[in-house]
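Engineer: Here's my sequence, what's the structure:
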Amino acid sequence: MQLPPKFYVQHMFDTTQYRASWTPDMPIKLGDIGVLDQGLFTLTTTLEDQGLTFKTRESSGLLSLDYNSKNTRVTALNGSTGTIPVSGVPMQANVEVKFEGSSGILFQFSNSKHVIISNIDELGDAILEKYDAGFWKKEWVIVTDIIQTDNTSLIISTTSNNTLQLACSLPIAGGSLAVPGAKINVMNESGSSIKILGSTGLVPLFNVKGIRKPFLGNPVFKSSDYMTSMQLPSQLENLPFDTKEFITE
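Structural biologist: Got it, this is the predicted structure:
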C-alpha cells in the first residue's frame, strides 16, 4: 500500500471528483492559493493578498454523506454496551467496522454546506491578465469549491482484514459515525488504521483551478470535472488528478 495520505487523497478524488484535505483539519478557505505536490495542497498566498476579490454562493440545505470503500462493512448493534470509557461517558451503541481488503476507507460526514466562488469567469480573466504580465505563477492553483461539515469521521485502514469495534455515546442509525455531539471510542482493533472520529467544523473536501498553457495557443484557466459540469465558460478545462500534478512543459 502507498502511504496512507496519498492513498486517501487519490482514492477520494477517483470516487468523488473532489480533492481531500490532508490532514482533514487543514484550515483551507475559498480563495486560498497554493501548489499541489502528489495531490497534497500547500498554501502559499490568497486571492485577497494578490489584490483579487471574489463572490461566493453556498447551498441552501444540508447534506450528509456515508462512503465505504469496496470490501468494507459497517454493522451497527443496538442497545447499550454496558461499558464506561475512560471519559466516564456511558456508551449507547456499538459499531463494528470490518475492512476485508488490503486497505480501505470509511468516510462519513453530516450537515455539510457546499460553498463555491460564483464569479469564476470574471476572476479567471483577471488571473490571466496577471499571468500575462508576469505577476502570477503557473504552478499556483486556487481553492474555488469547498465542503464544510458539522461532523466528520474518517478511518483509513492500513492492514489486511482489519476489524474495529467502536462505542458511541449516542444512538446511531445505519452505521453512521458522523453523529453531532457524539463521543466515539475505539474498544478493540485487530490491525492498524488512521482514525479521525467525530471531528467538528472541518473542510475535508475541496476543488481547485489553475493555469494551463498549451504548447501552441493562449493560456487558459482550468478546473476540475465537477466545475466543468456546471457549464462554466469554455475557457475552463478539466484538471484531472495526477500523482505528478504539474509537469513543466
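Engineer: show me where this structure has strands.
Structural biologist: 19-20, 32-37, 40-46, 56-58, 63-68, 72-77, 93-99, 104-117, 141-157, 162-168, 184-189, 193-212, 220-223, 237-238 (DSSP state E).
Engineer: Who are the packing partners of the third one?
Structural biologist: The one in question is strand 40-46. In terms of contacts (3 or more CB pairs under 8 Å, 6 or more residues apart in numbering; DSSP states H and E), strand 40-46 is packed against helix 4-16, strand 32-37. In short, each C-beta sits where N, CA and C put it, glycine included.
Engineer: give me that answer again for 6 Å
Structural biologist: Secondary-structure packing of strand 40-46 (3 or more CB pairs under 6 Å, 6 or more residues apart in numbering; DSSP states H and E): strand 32-37.
Engineer: Please export the C-alpha coordinates of the strand it packs on as CSV.
Structural biologist: This file holds the C-alpha atoms of strand 32-37, laid out as CSV (Å, rounded to 0.1, in the frame of the first residue of the first chain):
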residue,chain,number,x,y,z
ASP,A,32,-6.6,30.2,-0.9
ILE,A,33,-3.7,29.9,-3.4
GLY,A,34,-1.2,27.1,-3.3
VAL,A,35,0.7,24.4,-5.1
LEU,A,36,-0.1,20.7,-5.5
ASP,A,37,2.5,18.1,-4.7
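Engineer: Give me the contact list for it.
Structural biologist: With contact meaning CB atoms under 6 Å, 6 or more residues apart in numbering, strand 32-37 is reached by Phe41, Thr42, Leu43, Thr44, Thr45, Thr46, Glu139, Trp140, Val141, Ile142, Val143, Glu245.
Engineer: for stretch 160-167, same thing?
Structural biologist: Contacts for stretch 160-167 (CB under 6 Å, 6+ apart): 81, 91, 94-99, 102, 184-191.
Engineer: out of these, which are buried?
Structural biologist: Thr81, Met91, Asn94, Val95, Glu96, Val97, Lys98, Phe99, Ile184, Asn185, Glu189 (16 or more other CB atoms under 10 Å).
Engineer: with those residues in mind, which one is nearest to Gln50?
Structural biologist: Of all the buried ones among the contacts of stretch 160-167, Gln50 sits closest to Ile184, with 40.8 Å by CB to CB.
Engineer: Bridge partners for that closest one, pull those for me.
Structural biologist: Cys168 (DSSP bridges).
Engineer: pretty sure it contacts Leu197?
Structural biologist: Yes - the criterion here is CB atoms under 6 Å, and Ile184 meets it with Leu197 at 4.1 Å.
Engineer: coming back round to it: distance to Asp25 and pLDDT added to the buried ones among the contacts of stretch 160-167, as JSON lines?
Structural biologist: Below are the buried ones among the contacts of stretch 160-167 laid out as JSON lines (distance: CB to CB, whole Å; pLDDT from 0 to 100):
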{"residue": "Thr81", "distance to Asp25": "28", "pLDDT": "43"}
{"residue": "Met91", "distance to Asp25": "25", "pLDDT": "62"}
{"residue": "Asn94", "distance to Asp25": "27", "pLDDT": "85"}
{"residue": "Val95", "distance to Asp25": "23", "pLDDT": "89"}
{"residue": "Glu96", "distance to Asp25": "26", "pLDDT": "92"}
{"residue": "Val97", "distance to Asp25": "21", "pLDDT": "94"}
{"residue": "Lys98", "distance to Asp25": "27", "pLDDT": "94"}
{"residue": "Phe99", "distance to Asp25": "23", "pLDDT": "94"}
{"residue": "Ile184", "distance to Asp25": "16", "pLDDT": "90"}
{"residue": "Asn185", "distance to Asp25": "20", "pLDDT": "90"}
{"residue": "Glu189", "distance to Asp25": "22", "pLDDT": "95"}
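Engineer: For Asp66, see how far away Val179 is.
Structural biologist: 12 Å (CB to CB, to the nearest Å).
Engineer: more neighbours, these two?
Structural biologist: Neighbour count, other CB atoms under 10 Å: between Val179 and Asp66, Val179 has more, with 20 against 16.
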